[in-house]
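Student: have a look; sequence and predicted model below, questions after that.
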Protein chains: 2
Amino acid sequence: MKVMVGGTFDPLHDGHKQLIMRSFELAGKEGQVTIGLTTDHFACRKCHPVKEYSARKASLENYIRECGFSAHYEIEPLNDRYGSAASENFDALVVSEETLPIAREINILRREKGMRKVDIHQITCVLAEDDRWISSTRIYRGEIDEHGRLLHRD
Amino acid sequence: MKVMVGGTFDPLHDGHKQLIMRSFELAGKEGQVTIGLTTDHFACRKCHPVKEYSARKASLENYIRECGFSAHYEIEPLNDRYGSAASENFDALVVSEETLPIAREINILRREKGMRKVDIHQITCVLAEDDRWISSTRIYRGEIDEHGRLLHRD
């Protein structure tokens, strides 16, 4: 199956890893995964500093290598909310609970263009120790680490 | 991966087939698929006559055999909207655009019980020749066949 997923992935936390893992599982051993990675220009809208594209790309590649996924994959620059997901042929889009609205918008755009809508696979967000979502913003603020462990509990 | 899917599946049309196919693809070759099949008592709420449980079960089994899926599967009776999806441990629930609200309700119920929420994979409904969804009701009304071909076009 041909699967698409997107994000800024900085720092690469357990929620991102779940998103990538599910994308490869869904694609299957002979499938294909396209990872849209926000460009530095687009990612600068984030409310915290973001590492540069090449560093974020290397971090994703390392994780994929460590996991030993065999599906073919490519990482492509994402300059807006939709990237090539609004125009390419593929089967399923993998999103988090947070980015589900973007998937809906993509299907509306595809339908308007007379293209086939795609399946939407929404992963369950990984929870931190305090039962709230793991997010890059919370990690940047120093509340939790990449695995959702609470820091400075005192 | 352990996947759950549910329905009445009568008649087994191309939309149902897509739902079953994706469930097995998502489970992977060594995964497990649990298919909740509405009981005759529960299915009688439908606005059209429904074949009996054993006939609908045989039809699903035939389709799965024809496709040659290798994941382990079981078909279990579904007596209400949620079945064992609200209480068992599994990874992902496969639903159609029509049944997406049930998946949300299941995750709310799971959360209330302190259980892990599950991934939601929403397939894109298969369209009939007139670009409207294929549904059992439309087939029963004689508007379309199981493949979404329009009948009585005159």
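Tutor: Nice, I can see it.
Student: what's the helix or strand of chain A with the lowest mean pLDDT in contact with?
Tutor: Across the helices and strands of chain A, mean confidence by mean pLDDT, DSSP states H and E is lowest for helix A:136-140: a mean of 85. For helix A:136-140, the surrounding residues in contact (CB atoms under 8 Å, 6 or more residues apart in numbering or on different chains) are A:8, A:10-11, A:13, A:46-49, A:128, A:132, A:144-146. (C-beta placed from N, C-alpha, C; glycine too.)
Student: helices along chain A, start to end?
Tutor: Counting by DSSP state H, chain A has helices at residues A:14-27, A:40-43, A:53-67, A:100-112, A:136-140.
Student: now which of the contacts of helix A:136-140 would you call buried?
Tutor: Burial by neighbour count, 16 or more other CB atoms under 10 Å in any protein chain shown: within the contacts of helix A:136-140 this picks out A:8, A:10, A:13, A:128, A:144-145.
Student: return the closest of those residues with respect to A:Arg110.
Tutor: When the buried ones among the contacts of helix A:136-140 are compared for distance to A:Arg110 (CB to CB), A:Thr8 comes out closest, at 23.2 Å.
Student: was I right about A:Gly83 contacting A:Glu76?
Tutor: Yes. In terms of CB atoms under 8 Å, A:Gly83 counts as a neighbour of A:Glu76; the distance is 7.1 Å.
Student: list residues touching both of the two?
Tutor: Among the neighbours of A:Gly83, those also in contact with A:Glu76 (CB under 8 Å, 6+ apart) are A:Gly36.
Student: hmm, back to that, turn the contacts of helix A:136-140 into TSV, including pLDDT and distance to chain B.
Tutor: TSV is the format used below for the contacts of helix A:136-140 (pLDDT from 0 to 100; distance: CB to the nearest CB, whole Å):
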residue	pLDDT	distance to chain B
A:Thr8	94	21
A:Asp10	93	23
A:Pro11	91	23
A:His13	93	18
A:Lys46	73	25
A:Cys47	71	26
A:His48	75	26
A:Pro49	82	31
A:Ala128	87	14
A:Arg132	83	13
A:Ile144	91	19
A:Asp145	90	21
A:Glu146	90	20
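Student: just name the closest of the buried ones among the contacts of helix A:136-140 to B:Ser87, please.
Tutor: A:Ala128 (25.2 Å).
Student: read off the pLDDT value for the closest residue in space to A:Gly83 that isn't next to it in sequence.
Tutor: Distances taken as CB to CB, 6 or more residues apart in numbering or on different chains place A:Gly36 nearest to A:Gly83, at 4.2 Å, with adjacent residues excluded. We have a pLDDT of 97 for A:Gly36.
Student: and for A:Gly36, the neighbour number?
Tutor: By the measure other CB atoms under 10 Å in any protein chain shown, the count of residues near A:Gly36 is 21.
Student: that one contacts A:Arg81, doesn't it?
Tutor: No. A:Gly36 is not in contact with A:Arg81 according to CB under 8 Å; the separation is 9.8 Å.
Student: how about the residues of chain A by chain B?
Tutor: Chain A has residues A:1, A:22, A:25-26, A:28, A:92, A:107, A:116-124 near chain B, with proximity defined as CB under 8 Å from any CB of the partner chain.
Student: which of the residues you listed lies closest to A:Leu150?
Tutor: Nearest member of the residues of chain A next to chain B to A:Leu150, counting by CB to CB, is A:Thr124, at 20.2 Å.
Student: without its sequence neighbours, what residue ends up closest to that closest one?
Tutor: Closest to A:Thr124 by CB to CB, 6+ apart is B:Lys117, at 4.3 Å.
Student: residues in contact with that neighbour?
Tutor: Going by CB under 8 Å, 6+ apart, B:Lys117 touches A:124, B:107, B:110-111.
Student: any chance of these in TSV, with pLDDT too?
Tutor: As requested, the contacts of B:Lys117 are exported to TSV (pLDDT from 0 to 100):
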residue	pLDDT
A:Thr124	89
B:Asn107	95
B:Arg110	96
B:Arg111	92
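Student: quick revisit: just the buried ones from the residues of chain A next to chain B?
Tutor: A:1, A:22, A:25-26, A:28, A:92, A:107, A:117-124.
Student: which among those residues gets closest to B:Ser54?
Tutor: Of these, the one sitting nearest to B:Ser54 (CB to CB) turns out to be A:Asp119, at 30.8 Å.
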